[in-house]
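A.B. asks: Fold the following.
(chains A and B)
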Amino acid sequence: MAQVVRISEIAKFEGREVTLQGWLYNKRSSGKLWFLLVRDGSEIIQCVVFKNDVSAETFQAAEKLTQESSLRITGTVSADKRSPLGFELQVREIEIIQIAIDYPISKKEHGIDFLMDHRHLWLRSRKQHAILRIRHQIIHAAREFFDDRDFILVDSPIFTPNAAEGTTTLFETDYFGSSAYLTQSGQLYAEAGAMAFGRVYCFGPTFRAEKSKTRRHLTEFWMIEPEVAFFDLQDDMQLAEEFVSHLVQSTLKNRQKELETLERDLTKLANIKAPFPKIHYREAVEILKKNGSNFMEGDDFGAPDETIISEQFDRPVIVHHYPAAVKAFYMKRDSRQPEYALAMDMLAPEGYGEIIGGSQREDDYDTLLKRIRENGLSEEAFRWYLDLRKYGSVPHSGFGLGIERTVAWIAGINHVRETIPYPRTMQRLYP
RNA sequence: UCCGGCGUAGCUCAAUCGGCAGAGCGGGUGGCUGUUAACCACUAGGUUGUAGGUUCGAGUCCUACCGCCGGAGCCA
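C.D. replies: Modelled structure (predicted):
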């Protein structure tokens, strides 16, 4: 065995003998010659086995290897123009660790249900690698954005005693004889954090028991939620557009190869720079009317409406001042036009839908208490939340960005289920 | 929950008007010293989702159920 290296760093070892540890991705033969595609998690490299250059045992080992068998393979790194990677391994020795029998995912196409049943194995494939590396990059960029702006990470609990959004979409679980709910949003706790630290964010999984079967929905999805004291709606929208610009530009800069693997149109991403267009709800309604939608003013937008609106722009569009009636109880109303909430949504281009929802929060104790009562929510469960309006209440705002929809949009993936390692939907709790 | 679609080999799909259930991939065997989802030859592999019905005859038509896919509503 020679020095063990990662394939991603193979260029540094040209002309030297190295050992790779990994799995067989695919193989081809040509008589006295085997071409082994070996992956180690970082990259895939073609390893060439000439019958005349290796021992009989090693040549037999090459013959015996099946797809996804694990191995150590030793040889000399050589530059080769025919290789997509630019380098090959001229093999001297193969050590089989385990022969994989009947690996279920073949090189040809599969249906989505089959692939999702084998999600734990599907993660090994090229496309899934590209998507999850992009997800990693977006999460990294998101943390970097807030950390660089002096935000403190203050995570919210996952077990909660109360609802943040509609009560019909809560997952209820037994909690030592009483009920707890899986969080739908970390926002309410982030508000408490903002009153403590000024600017905070939380990042974690959230859960919605919505019976949605669409390409934009999961029952478990990850959300990053900043919350800032003394921010009004304008400040909030500006933060959101700078944030999303950063996510896109960081991915474009650091994951170009993965975006190309996914055949993403990079020119569309290059445009995504702040400022973004910002339109009042009423302007959005005008757009819908002009484009032949039978939309009723006063409603919230449906998915087809969002697509029509977002198609008017070459970058995400922020719609603000939604009718208060269709928005959550904690959103502050505009004092000059109280039928509208100081709310905003960011709609991604190309039909990817809403990626951000945010608002300026109601900061008046009596008004918030009234809203809680109007919505039939438990005053007792929200006692702590009301405290924030009792002890030094200030204007504050925040938003939540759904990671999976953002990854789907940036990576150009049709369905959010491929943007998370183990998607949870109404139909799927396995693997 | 509602609307629409699909269930055939391990996988992806064919099967004309209701008339012998087939191909590619994957597996096995053999061949090939530069392949890129390699190729060539041979080969094994089937309770056509389940239950019932119509018919001389059902993968195909009808009913119910189950599973999945897409969409709506709801949302990020």
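
A.B. asks: contacts and neighbour counts: CA atoms only from here.
C.D. replies: OK.

A.B. asks: What segments of the stretch 251-400 of chain A are strands?
C.D. replies: A:278-280, A:317-320, A:343-348, A:353-360, A:396-402 (DSSP state E, counting those that start in this stretch).

A.B. asks: So in that sheet, which strands flank the shortest one, and in what orientation?
C.D. replies: Here the strand partners of strand A:278-280, with direction, are listed using DSSP bridges: strand A:317-320 (parallel).

A.B. asks: ditto for the third one
C.D. replies: The strands that strand A:343-348 pairs with in its sheet are strand A:317-320 (antiparallel), strand A:353-360 (antiparallel) (by DSSP bridges).

A.B. asks: residues in the stretch 51-200 of chain A within reach of RNA strand B, list them.
C.D. replies: Contact residues, the stretch 51-200 of chain A versus RNA strand B (CA under 7 Å from any atom of the strand): A:51-52, A:66-67, A:80, A:82-84, A:88, A:102-114, A:166.

A.B. asks: Any idea which of the strands of the stretch 251-400 of chain A gets closest to residue A:177?
C.D. replies: strand A:396-402 (31.9 Å; CA to CA).

A.B. asks: ok, then the element right after that closest one?
C.D. replies: As assigned by DSSP states H and E, the chain's next helix or strand after strand A:396-402 is helix A:403-411.

A.B. asks: Can you show me the CA trace of that following helix as PDB?
C.D. replies: Coordinates of the C-alpha atoms in helix A:403-411 are reproduced here as PDB (Å, rounded to 0.1, in the frame of the first residue of the first chain):
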ATOM      1  CA  ILE A 403     -33.600  25.700   2.300                       C
ATOM      2  CA  GLU A 404     -35.000  23.000   0.000                       C
ATOM      3  CA  ARG A 405     -36.900  25.300  -2.300                       C
ATOM      4  CA  THR A 406     -33.800  27.500  -2.500                       C
ATOM      5  CA  VAL A 407     -31.600  24.600  -3.400                       C
ATOM      6  CA  ALA A 408     -34.100  23.400  -5.900                       C
ATOM      7  CA  TRP A 409     -34.200  26.800  -7.600                       C
ATOM      8  CA  ILE A 410     -30.400  27.400  -7.500                       C
ATOM      9  CA  ALA A 411     -29.500  23.900  -8.600                       C
END
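
A.B. asks: name the helices or strands packed onto it?
C.D. replies: Applying 3 or more CA pairs under 8 Å, 6 or more residues apart in numbering; DSSP states H and E, one finds that helix A:403-411 contacts helix A:126-148, strand A:220-229, strand A:353-360.

A.B. asks: could I get the ones you listed as JSON lines with mean pLDDT?
C.D. replies: Below are these laid out as JSON lines (pLDDT from 0 to 100):
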{"stretch": "helix A:126-148", "mean pLDDT": "96"}
{"stretch": "strand A:220-229", "mean pLDDT": "96"}
{"stretch": "strand A:353-360", "mean pLDDT": "94"}
